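Visitor: Sharing a model that was predicted from the sequence below.
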Amino acid sequence: MEARPVLRQLTTLFNSCSRTGQTRLQSSTRRTKKALKLPPHPSFLVSGAEADHITYNPRFLPPSDPRRQAQLSSLLRSSTGLAPTAAATNSTTTTDREIPALEEKHQVPVPKFNVTREQVAEMRALRAADPTKWSVVRLAEKFECSKLFVMICCKASAEHQVRERERKEAIKARWGPIRSQAREDRKKRRTLLLRGEL
Amino acid sequence: MSNYTMKRLRLDRVASQLLAAPTSPAARLSRPSRISRSIPQTCRHSSLYNTQPCQRRHQSTAAPQAPREEELVLEPEDGEPIPETLRSGPLPSPHPSRAASSAKLAALHARLSLSSKIPVETLARALVDPSADAHPKYNNANLAYVGSTVLHYHASETLIARYPRLPMAILFTAMKGYAGNPALHQVARAWGVESAAAPGEEVDPGLLQFDPMKPTVVMNKWGYVRAETIESQKFKSGKGLSGRVMYSSNPFGESSAAKALPNFEVDDGRNTKTMLLQNAPANAHANFVRAVIGAVHMHCGRDAAKSFVKSHFLSRTFDLSKLFEFDLPTRELARLCARENFEAPVARLESETGRLSRTPVFVVGIYSGRDKLGEAPGPDLDSARVAASINALKAWYLYSPGQVSVPSDTFAEDAAPWKPAYVDIGEIIS
């Protein structure tokens, strides 16, 4: 890099000596861009072998795999937590510091199986009596179960379903083009995400 | 003799007439009685296509040129040669004797590095689609059937041995990616095969001959097809994945959705091979490729066919990880952990940047106990968690024991005894 100004001076000298008048400078956009163009850092490039790489996970090796035998000692240590320092070499196990878990709403819900048969009957009675007051969300809160479980147990009346649908349609009708487009895009992004293309 | 409908297919018997099929008139003159005796037996075994005229064909031993179907009608019983004037019309495909003088054919033979055991006449026959020449002795239908079974066998055993945990839908698609019509069409194009504008006697034998307007043969049979398949098609059942496994009539999990043609020339109406075709050029090219595999199998043997399939088809790049599309990846991973007695998966935030900015990045890892199952970045916590679950599931499904032996390795004389390969019990959520 240091050689460049020197070289340029030399070339300008040579040019001025040989031809009087015009000298080529980097004063055009194209030349400047060309001069400033740098190759990307190697870490930015995804090589073919790396792109095809499948996550190697010692946890997923079947008992018949010879690689599991080789990993057995470290697997045992990592699962019992006896030697967490040895795991520093292994990228797939945690180190000493505990990594914070996400909030409960970002975790897969664990079924609690806490609702009894009588409670289910009560849930159905409440839902049938006043579906507007005892919505799915409220029932789920009351019985400490998931919304999916409430929907498995109860079925709202047809009138209530129609009313809810109309209410939703009315809300959607109020959306402008920007919001509708944003929601469409969100759906597309979700599809791409589940296909692993995002 | 319903022998061929059994699960075990005897390729040597099915295709024995391919080797015996006379390509030069001289060969037929020298051994007339033997061929004509052996034909009825092979006909019974190779009743995949109509072989009705084949008995009469070989009795015409004294014909100076290979007689065609039109001639046979006129042929007198005493075997007199038929004058040229009695011929009803031009041949539907070039005469086999012209194969030796075709430069294109010789070039194709050399380009594929085929063994000298495979005559150019066989290669010429592989280039004739049933839509160009309906006569089963002169088209590639029988060769293509042999080739398709060889190709499907090697593709499926390689896929299952190398990726023992693939879900069924992915396995079907992968089979199609390696052995389906589009892939074989590409292979034929890469081999430099050109198609003739229209089939006919005067066409260069080195060109692929097919007629998109005429009925042809589709290789969609897969071993044993259940009798209920037709019923299930009629009532539109069996569309789910288990139905595809049970009732599919081809190795790609598709039941033949196309309607059968009422007036077909090739088939005898009993099997389901003759169908209305969507992409006739692709089918013709694919059948040619299959016929070449069949020719290699018949003339050079099993091992040569295996290495041919391996080098031309199974070595093609095909990214299996791109085929996956998940519905509920987080739930599926939780089910997997429960099934395999791992601890329940927990999503942990490994690092983040720009949480309050317009473009935040979160790196979320999925942990089972102290082991990390997967990790992915994402623009929000939920996307990152879903992507991490997808990565973990792909790592599970795409597990590969590496280069393992396949069942066909034990065909060799000095092969080690077969050790059972690891194959997973099945999909997590199906």
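Guide: Happy to help now that I have it.
Visitor: tell me which element A:Glu184 is part of?
Guide: Following DSSP states H and E, one finds A:Glu184 within helix A:177-194.
Visitor: Buried residues in that helix, which are they?
Guide: Going by neighbour count (16 or more other CB atoms under 10 Å in any protein chain shown), the buried part of helix A:177-194 is A:193-194. To be clear about C-beta, it is placed using only N, CA and C from the backbone, and glycine gets the same treatment.
Visitor: How about stretch B:369-383?
Guide: Neighbour-count burial for stretch B:369-383 [16+ other CB under 10 Å]: B:369-379, B:381-383.
Visitor: Keep only the residues you listed that also lie close to chain A.
Guide: B:369-374, B:381-383 (CB under 8 Å from any CB of the partner chain).
Visitor: excluding its backbone neighbours, what's nearest B:Arg125?
Guide: Sequence neighbours aside, B:Asn140 is the residue nearest to B:Arg125 in space, at 6.0 Å (criterion: CB to CB, 6 or more residues apart in numbering or on different chains).
Visitor: Let me know how buried that neighbour is, in neighbour terms.
Guide: Residue neighbour count, defined by other CB atoms under 10 Å in any protein chain shown, stands at 34 for B:Asn140.
Visitor: quick one: pLDDT of A:Arg24?
Guide: Reported pLDDT at A:Arg24 in the predicted model: 69.
Visitor: returning to that earlier point: name the helices or strands packed onto the helix holding A:Glu184?
Guide: Applying 3 or more CB pairs under 8 Å, 6 or more residues apart in numbering or on different chains; DSSP states H and E, one finds that helix A:177-194 contacts helix B:381-397.
Visitor: Mind giving me the packing neighbours of the helix it packs on?
Guide: Using 3+ CB pairs under 8 Å, 6+ apart, helix B:381-397 sits against helix A:177-194, helix B:329-339, strand B:345-353, strand B:361-368, strand B:371-378.
Visitor: For the third one, buried residues please.
Guide: Residues of strand B:345-353 classed as buried: B:345-350 (neighbour count, 16+ other CB under 10 Å).
Visitor: What would that strand look like as CSV? C-alpha coordinates only.
Guide: Taking Å, rounded to 0.1, in the frame of the first residue of the first chain, the C-alpha atoms of strand B:345-353 are listed here in CSV:
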residue,chain,number,x,y,z
PRO,B,345,-35.4,-28.8,24.9
VAL,B,346,-34.9,-25.3,26.3
ALA,B,347,-34.3,-22.2,24.1
ARG,B,348,-31.5,-20.0,25.4
LEU,B,349,-30.4,-16.6,24.2
GLU,B,350,-26.7,-16.9,23.4
SER,B,351,-26.1,-13.4,22.2
GLU,B,352,-27.9,-10.4,20.8
THR,B,353,-27.2,-7.1,19.2
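Visitor: got a list of contacts for it?
Guide: Counting by CB atoms under 8 Å, 6 or more residues apart in numbering or on different chains, strand B:345-353 makes contact with A:99-102, A:106-108, B:330, B:333-334, B:337, B:360-368, B:373, B:375, B:381, B:385, B:388-389, B:392, all of which sit outside it.
Visitor: related to what we said a few turns ago, now pLDDT too, for the buried residues of strand B:345-353, in JSON lines please.
Guide: Formatted as JSON lines, these follow (pLDDT from 0 to 100):
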{"residue": "B:Pro345", "pLDDT": "95"}
{"residue": "B:Val346", "pLDDT": "95"}
{"residue": "B:Ala347", "pLDDT": "96"}
{"residue": "B:Arg348", "pLDDT": "95"}
{"residue": "B:Leu349", "pLDDT": "95"}
{"residue": "B:Glu350", "pLDDT": "93"}
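Visitor: and which of the residues you listed is nearest A:Arg117?
Guide: Nearest to A:Arg117, judged by CB to CB, of those is B:Pro345 at 30.9 Å.
Visitor: Dig out what the closest one forms beta bridges with.
Guide: On the basis of DSSP bridges, B:Pro345 is bridged to B:Ser368.
Visitor: can you check the one 4 residues further on too?
Guide: When bridges are taken as DSSP bridges, the partners of B:Leu349 come out as B:Val364.
Visitor: returning to what we had before: tell me which of the helices and strands packed on helix B:381-397 lies nearest to B:Pro251.
Guide: Here helix B:329-339 is closest among these (CB to CB), at 26.1 Å.
Visitor: do that closest one and chain A meet?
Guide: Yes: residues of helix B:329-339 contacting chain A under CB under 8 Å from any CB: B:329-331, B:333-334.
Visitor: same for that helix, what does it pack against?
Guide: strand B:345-353, helix B:381-397.
Visitor: Columns distance to A:Gly176 on top of those, output as a markdown table?
Guide: Converted to a markdown table, the helices and strands packed on helix B:329-339 look like this (distance: least, CB to CB, whole Å):
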| stretch | distance to A:Gly176 |
| --- | --- |
| strand B:345-353 | 32 |
| helix B:381-397 | 25 |
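Visitor: roughly how far out does the helix holding A:Glu184 sit from the chain middle?
Guide: 15 Å (CA atoms, centre = their mean, to the nearest Å).
Visitor: what mean pLDDT does that helix have?
Guide: In this model, helix A:177-194 has an average pLDDT of 96.
Visitor: And for stretch A:103-119?
Guide: On average, stretch A:103-119 scores 90.
Visitor: how about it as PDB, C-alpha atoms only?
Guide: The C-alpha trace of stretch A:103-119 is given here as PDB (Å, rounded to 0.1, in the frame of the first residue of the first chain):
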ATOM      1  CA  GLU A 103     -39.100 -16.400  28.600                       C
ATOM      2  CA  GLU A 104     -41.800 -19.000  29.100                       C
ATOM      3  CA  LYS A 105     -43.800 -17.700  26.100                       C
ATOM      4  CA  HIS A 106     -40.900 -18.500  23.900                       C
ATOM      5  CA  GLN A 107     -40.600 -22.100  25.100                       C
ATOM      6  CA  VAL A 108     -42.400 -25.200  23.900                       C
ATOM      7  CA  PRO A 109     -45.400 -25.500  26.400                       C
ATOM      8  CA  VAL A 110     -45.100 -28.600  28.600                       C
ATOM      9  CA  PRO A 111     -48.600 -30.200  29.100                       C
ATOM     10  CA  LYS A 112     -49.400 -30.100  32.800                       C
ATOM     11  CA  PHE A 113     -52.400 -32.600  32.900                       C
ATOM     12  CA  ASN A 114     -53.900 -30.600  35.800                       C
ATOM     13  CA  VAL A 115     -57.500 -30.300  34.700                       C
ATOM     14  CA  THR A 116     -59.900 -32.900  36.100                       C
ATOM     15  CA  ARG A 117     -62.900 -34.300  34.500                       C
ATOM     16  CA  GLU A 118     -65.200 -32.200  36.700                       C
ATOM     17  CA  GLN A 119     -63.300 -29.100  35.700                       C
END
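Visitor: buried sites along it?
Guide: For stretch A:103-119, a neighbour-count test (16+ other CB under 10 Å) marks A:106-108, A:115 as buried.
Visitor: before we move on, the earlier item: please indicate which of the residues of helix B:329-339 next to chain A are buried?
Guide: B:329-330, B:333-334.
Visitor: Turn those residues into TSV, including pLDDT.
Guide: As requested, these are arranged in TSV below (pLDDT from 0 to 100):
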residue	pLDDT
B:Pro329	95
B:Thr330	95
B:Leu333	95
B:Ala334	95
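Visitor: so does stretch A:58-75 get close to chain B?
Guide: Yes: using CB under 8 Å from any CB, we find that stretch A:58-75 touches chain B at A:58-62, A:64-65.
Visitor: residue ranges with poor pLDDT in chain A?
Guide: In the predicted model, chain A carries pLDDT under 70 at residues A:1-21, A:24, A:44, A:46-56, A:75, A:77-97.
Visitor: Please repeat the previous calculation with a cut-off of 90.
Guide: Low-confidence segments of chain A, defined by pLDDT under 90: A:1-59, A:63-99, A:104-105, A:108-112, A:155-156, A:196-198.
Visitor: Quick one: end-to-end distance for stretch B:131-144.
Guide: Terminal residues of stretch B:131-144 are spaced 14 Å apart (CA to CA, to the nearest Å).
Visitor: er, stretch A:152-163 actually
Guide: Start-to-end span of stretch A:152-163 (CA to CA) is 20 Å.
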